[in-house]
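[1] give me a 3D structure for the following:
(chains A and B)
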Amino acid sequence: MLELQDVTITQGAFRLSADFVVAKSARVAVIGPSGAGKSTLLSVIAGFYPAESGRILWDGTDITHIQPGKRPLSILFQDQNLFPHLTIAQNVGLGLRPDLRLSPADHEAVSRALTRTGLQGMEARKPATLSGGQQGRVALTRALLRARPLMLLDEPFAALGPALKAEMLDLVAEITDETGATVLMVSHAPEDARRFAPETILVAEGTAHPPHPTTALLDNPPPVLAAYLGQ
Amino acid sequence: MQAPARPMSRALKTGAALAAALVLTLTLGTLGAVLTRAEGFAGLGAADWSALRFTVTQAAVSAALSLLLAIPAARALARRRFPGRGVLITLLGAPFILPVIVAVMGLLAVFGRSGFLNDGLAALGFARVSIYGFAGVVLAHVFFNLPLAVRLLLQGWLDIPAERFRLAAALGFGPGDIARHLEYPMLRARTPGVFVAIFLICLTSFAVALTLGGGPKATTVELAIYQSFRYDFDLGRAAMLAAIQLGLCATAALLAARFTLPSGFGTGLDRPVARWDANGPFLRTQDIAVLILTSLFLLAPLLAVITAGLPRLGSLPAPVWQAALRSLAVAGVSTLAAIAMALPLALASAARSGRRGLETIGMLPLATSSLVTGTGLFLLLRPLANPGDIALAVTVAVNAAMALPFCLRALLPAARELEADYGRLAQSLNLTGLARLRLLTLPRLRRPLGFAAGLTAALSMGDLGVIALFADEDSATLPLQLYRLMGAYRMQDAAGAAVLLLALSLALFWALDRGGRADA
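    So this is what the prediction gives:
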């Protein structure tokens, strides 16, 4: 269970407050107008940007001041999710051991995970030789191996076409269903939220609202969301 | 979103702090040692004043001449396309890693007492001219800095948007209108910075003054430091002169800080700009003549050295080879030391975006004279060791410090880019410490690291500075050995040694820079 207790985030004149709970194994979309602070919210949860005040808890443990790499979460960024000079196997292997001193069993686990995400035989290739969709799969494979209980998606599939994006979201859903991970996904597309996330956090006008059933929210949006959706 | 400072690993923090402390010791520390020895300006004699005057005058004249000659050459390169243009532009970067003493040999071969120029003058019945003294110092400085000025001004020309030239053509501008509306404003903006940069280089240049200057009328402050240290062993005077040199450099550096100094390693020098204004036969002839004369001025001295020295390479005396080995060792250790200082400074600067303290410290050697640092180190180490015994160690330290600003300039942009592109990803995967260095930093920074290492190795290989201050018979480096051969009028051996030095410097740069590019 992810808890944000009276969290406030400031960045110059920008302010965002968040006070909500996300249930374990929930899949939650984060939507709202551009510049409302969706990515910033994820940054704070991931530990890249300090909150001004308040606490962030995972299963009751305060993680507010833990380094990003040691938090119980994996994050997929909009881009630069892979190191271009490392092979696919190395990029995935980083999820098991950041120093890449992998045992034979680790190598086997990497290959199994790559097979699981449809990338069998790609171990020795460099990211640049893969398509955008395949690169997204590599990043997902690494998150699968890291097996952290919370996954943050900061629009990693935004550059993909609609069909490919839907395919990737289905893969995320499949993987997290298996592992029971909680997912927070920033999205610009309401149809992605409907497809993927039973609940949605609306970020608008300086507040990140508690999760709300997605269908109800999108069918009957408050004025600020309606304006953003163009309804 | 502005990323806050990344938490740094303890190793990086320690490394950066150590590097900063070392640079501060080598610049401000040695300076302090010198200043406490100096006995005030009351003792400034006529010779000292004359050295000060000569230093400033030759630097100003050298900078002005370099600029004046560079303007037509840069303009010709900017508006002409011809085969070999890229090679010529690359060659213009070469003087940076060319050992000064080799260039001096070449200039002597062309302009010296029995050089081509004087032989020609004599054949025509004119008196022979001497290039020792003011003229020689300025000639050598122009030889080194003209290419730099051309590159910097060429960058200025290429920074004028192509659309401006298109608009000028559409409005029917002639070459005069182009000059007035496009070129003069660019030159007005760029030339002060270029002038100050070259002025600063000429203020601190030592090897040129050592080889071509001398005598009461042509002694720079740096040379006077050397003489009072080496010949008179007058530490008080050396210290006082060092203080004067420092004042000069600091003033020039402050002046330089007021202008945005171009980096000197400009990229994108080959963007083609269509020019409709410069197709007349007169301008065409003018540009061709300028480029041929400039290339001749820069290449003839080198060709003269190479043709004279190449046949002698096989019969070089043993001390030359020993000196070459010593120089290779000095260059190797200096390079390791410079990279060991530059890398943590660059990474730490990149990690704490917005704070420039470390970067400023790393740039300090630019405004420091190597002889002042050498004198200071001697004063600091005198109670501990005999100068002859520590000559090579001091040379390594000074060479590493002097190369540091150039290494930082090469590494910093790449380190910042690395942090911006992959800093968060590495953090999110808990990729830290040595694993981060091995898996992320070194592979991604290979190219600038190779370039910086090549630059440092070549600079250190060709350096004739503090080593002249300290060395005894057993610790001469190759440039110093070459200088001694010239002093003994063994010009044939000197030419052979010059070719060896040139080859080693260029090979070191090529190999290290190449190493950074392999399969990248």
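[2] can you tell me the closest non-neighbouring residue to the residue in chain A that chain B sits nearest to?
    Among the residues of chain A, A:G69 lies closest to chain B, at 2.7 Å counting by C-beta to the nearest C-beta. For glycine as for every other residue, the C-beta is placed from the backbone atoms N, C-alpha and C. Of all residues not flanking A:G69 in the chain, B:N430 sits nearest, at 2.7 Å (C-beta to C-beta, 6 or more residues apart in numbering or on different chains).
[3] which strand or helix spans the one you found?
    Using DSSP states H and E, B:N430 is not contained in any helix or strand.
[4] residues contacting the nearest residue to B:L440 once chain neighbours are set aside?
    Among residues not flanking B:L440 along the chain, B:A426 sits closest, at 5.6 Å (C-beta to C-beta, 6+ apart). B:A426 is in contact with B:432, B:436, B:440, counting by C-beta atoms under 8 Å, 6 or more residues apart in numbering or on different chains.
[5] burial measure for the residue nearest to A:G69, as a count.
    With neighbours defined by other C-beta atoms under 10 Å in any protein chain shown, the count for B:N430 comes to 19.
[6] again with B:G84
    By other C-beta under 10 Å, the residues close to B:G84 number 10.
[7] where's it relative to chain A, distance?
    As judged by C-beta to the nearest C-beta, to the nearest Å, B:G84 and chain A stand 34 Å apart.
[8] give me the pLDDT value at that residue.
    Listed pLDDT for B:G84 reads 86.
[9] residues contacting it?
    Counted by C-beta under 8 Å, 6+ apart, B:G84 has zero contacts.
[10] so which bits of chain A are right by chain B?
    A:11, A:39-40, A:43, A:46-50, A:67-70, A:74-75, A:77, A:80-81, A:83, A:85-86, A:90, A:94-95, A:98-100, A:142, A:146 (C-beta under 8 Å from any C-beta of the partner chain).
[11] can you select the buried ones from the residues you listed in ChimeraX?
    Applied in ChimeraX, the following selects the buried portion of these according to 16 or more other C-beta atoms under 10 Å in any protein chain shown:
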select /A:39,40,43,46,47,48,49,68,69,74,75,77,81,83,85,86,90,94,95,98,99,100,142,146
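[12] just the residues of chain A next to chain B: which are in strands?
    A:11, A:74-75 (DSSP state E).
[13] one step back: please verify my assumption that the residue nearest to A:G69 contacts A:P72.
    No: the criterion here is C-beta atoms under 8 Å, and B:N430 misses it with A:P72 at 11.9 Å.
[14] so where's the stretch 101-250 of chain B uncertain?
    In the predicted model of the stretch 101-250 of chain B, no residue satisfies pLDDT under 70.
[15] same thing but at 80, please
    Along the stretch 101-250 of chain B, segments meeting pLDDT under 80 span B:113-114, B:127-129, B:162-163, B:166, B:168-172, B:214-216, B:233, B:235.
[16] give the burial count for residue 10, as a bare number.
    As the question left the chain open, I've gone with chain A. Per other C-beta under 10 Å, the neighbour tally for A:T10 reads 12.
[17] nope, chain B please
    If you count neighbours by other C-beta under 10 Å, B:R10 ends up with 9.
[18] now A:R55: phi and psi?
    Phi and psi for A:R55, reported as degrees, to the nearest 10, are phi -130, psi 150.
[19] again, but for A:V7
    Per degrees, to the nearest 10, the backbone of A:V7 is at phi -80, psi 130.
[20] ok, now A:L2?
    Dihedral angles (degrees, to the nearest 10) for A:L2: phi -100, psi 130.
[21] check the one 4 residues further on too.
    Summarising the backbone geometry of A:D6 under the convention degrees, to the nearest 10, its torsions are phi 50, psi 40.
[22] read off the pLDDT value for the spatially most central residue of chain B.
    Nearest to the geometric centre of chain B sits B:F96, at 5.0 Å (C-alpha atoms, centre = their mean). Note for B:F96: predicted pLDDT of 84.
[23] wait, it touches B:N145, no?
    No: if you go by C-beta under 8 Å, B:F96 and B:N145 don't touch, sitting 10.2 Å apart.
[24] report the longest helix in the chain, please.
    I'll assume chain A. helix A:162-179 (DSSP state H).
[25] switch to chain B, please.
    Using DSSP H, we find that the single longest helix of chain B is helix B:387-428.
[26] what's the following helix or strand after it?
    With DSSP H and E, the next secondary element past helix B:387-428 is helix B:433-436.
[27] identify each buried residue in that following helix, please.
    Neighbour counts over helix B:433-436 (16+ other C-beta under 10 Å) mark B:435-436 as buried.
[28] need the residues that contact it.
    A:98-100, B:9, B:11, B:426.
[29] same question for that helix, mean pLDDT?
    89.
[30] hey, C-alpha coordinates of that helix in PDB?
    Extracted C-alpha coordinates of helix B:433-436, given in PDB (Å, rounded to 0.1, in the frame of the first residue of the first chain):
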ATOM      1  CA  GLY B 433      30.300   4.000  -7.100                       C
ATOM      2  CA  LEU B 434      32.700   1.800  -9.000                       C
ATOM      3  CA  ALA B 435      30.000   0.000 -10.900                       C
ATOM      4  CA  ARG B 436      28.700   3.300 -12.200                       C
END
